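Asks: what shape does this take:
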Amino acid sequence: MDDRGHLTTEQRNPRSMRLDRLSTRQAFELINEEDATVAAAVRAAGADLCRAIDLVVGAFRSGGRLIYVGAGTSGRLGVLDAAECPPTFLSDPTMVQGVIAGGAEALTRSVEGAEDSLADGAAAMDECGVGCTDVVLAIATGGTTPYVHGALARARQRGAATVFLACVPWEQVRDDADVSIRVVTGPEVLTGSTRLKAGTATKMVLNMITTIAMVQVGKVYENLMVDVNASVNAKLVDRGVRIIQAVTGRPREDARRLLEAARGQVKTAIAMHIVGGDRTTAERRLAEAGGHLSRVSGG
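Replies: Numbers count the residues shown, from 1 in each chain. Alright, predicted model coming up:
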């Protein structure tokens, strides 16, 4: 068994040595102050993060997928981000996928031993049919998870672009990914508990990757979630109507009728307003514009 004590995520935080003696308020202040350092750590990794986003954009434009792979908290965060993309961006559920060591059971209950198998990680990539149009983003906050490294190696063998995300310096744990994102968050308040700062950093990074990539492929107009199916529930119908109002300047009732004519597709409804045509015409013009509403011109 390897000694992982040298990893920054495993070291003791000198600021929290008296954690068990602090009052509730003192513990809150300490954790809050440590959490405040995470955004700066993410910013320091900005160049590599942007390189990874560009890989994902390229994959999406060529019909490929983004596949997260992780274990424990890292795996759960990948699955969470993947699950949130379809309702946010009306993306195909296969476009962003999350793979977690231990499978579905590990989403709600710890399956700790599942992370130790290189072979299982490799097999997961085979099961996903990973190929040359895909990006596999392997997440291991401590950098050493065998399941994740097995998946990464097999993804490279299968021709996928690869990204590695860890919260330890590259010098401590190396990787062979096309892009290595290192968000060095330092020792945790609770030693080794990477569900804290490292988990927060991971959530921030994954949010950025999918949000910016979806913007780049036309899923957003200005800062509005226009690529959404507003026929699912009352909240989304209301949001869709308000988005149409904001973009077109139409009264609420007109916006609602336009949304109905577009069969609940907000972006299509706005395109119908821009081109002054029916749903079929609007959909054709959107396709010609690569899905970017800002590139659709009037009729």
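Asks: which strands and helices sit next to the longest helix seen in the chain?
Replies: Longest helix in the chain by number of residues (criterion: DSSP state H): helix 197-216. On a contact count with 3 or more CB pairs under 8 Å, 6 or more residues apart in numbering; DSSP states H and E, helix 197-216 meets helix 24-35, helix 38-44, helix 46-61, strand 66-70, helix 72-89. (Each C-beta comes from the backbone N, C-alpha and C, glycine too.)
Asks: could you export these as JSON lines, including mean pLDDT, mean neighbour count and distance to residue 272?
Replies: Output for these, formatted as JSON lines (pLDDT from 0 to 100; neighbours: other CB atoms under 10 Å; distance: least, CB to CB, whole Å):
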{"stretch": "helix 24-35", "mean pLDDT": "97", "mean neighbour count": "13", "distance to residue 272": "45"}
{"stretch": "helix 38-44", "mean pLDDT": "98", "mean neighbour count": "15", "distance to residue 272": "39"}
{"stretch": "helix 46-61", "mean pLDDT": "98", "mean neighbour count": "19", "distance to residue 272": "25"}
{"stretch": "strand 66-70", "mean pLDDT": "98", "mean neighbour count": "29", "distance to residue 272": "31"}
{"stretch": "helix 72-89", "mean pLDDT": "95", "mean neighbour count": "21", "distance to residue 272": "20"}
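Asks: can I get the ones you listed in a markdown table including distance to residue 243?
Replies: Listed next are the helices and strands packed on helix 197-216 as a markdown table, based on distance: least, CB to CB, whole Å:
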| stretch | distance to residue 243 |
| --- | --- |
| helix 24-35 | 32 |
| helix 38-44 | 29 |
| helix 46-61 | 22 |
| strand 66-70 | 25 |
| helix 72-89 | 13 |
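Asks: out of those, the one nearest residue 278 is which?
Replies: Of all the helices and strands packed on helix 197-216, helix 72-89 sits nearest to residue 278, with 24.6 Å by CB to CB.
Asks: mind giving me the domain ranges of this structure?
Replies: Annotated domains of the chain cover 8-216, 234-295 [automatic domain parsing].
Asks: can you lay out these as CSV showing distance to residue 223?
Replies: Formatted as CSV, those follow (distance: least, CB to CB, whole Å):
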stretch, distance to residue 223
domain 8-216, 9
domain 234-295, 10
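Asks: residue 298 versus residue 260, what's the distance?
Replies: For residue 260, the distance to residue 298 equals 22 Å [CB to CB, to the nearest Å].
Asks: do the same with residue 197
Replies: Residue 197 sits 49 Å away from residue 298, going by CB to CB.
Asks: returning to what we had before: and of the helices and strands packed on helix 197-216, who's closest to residue 268?
Replies: Between residue 268 and those, the shortest gap by CB to CB is with helix 72-89, which sits at 14.6 Å.
Asks: buried ones in the helix or strand that the closest one is followed by?
Replies: Next helix or strand after helix 72-89 toward the C-terminus (DSSP states H and E): strand 96-100. By 16 or more other CB atoms under 10 Å, the buried positions in strand 96-100 come out as 96-100.
Asks: out of the helices and strands packed on helix 197-216, the one nearest residue 13 is which?
Replies: Relative to residue 13, the nearest member of the helices and strands packed on helix 197-216 by CB to CB is helix 24-35, separated by 7.4 Å.
Asks: other residues contacting the closest one?
Replies: Helix 24-35 is contacted from outside by 13, 15-16, 19, 22, 188-189, 196-197, 200, using CB atoms under 8 Å, 6 or more residues apart in numbering.
Asks: what pLDDT does residue 3 get?
Replies: Note for residue 3: predicted pLDDT of 65.
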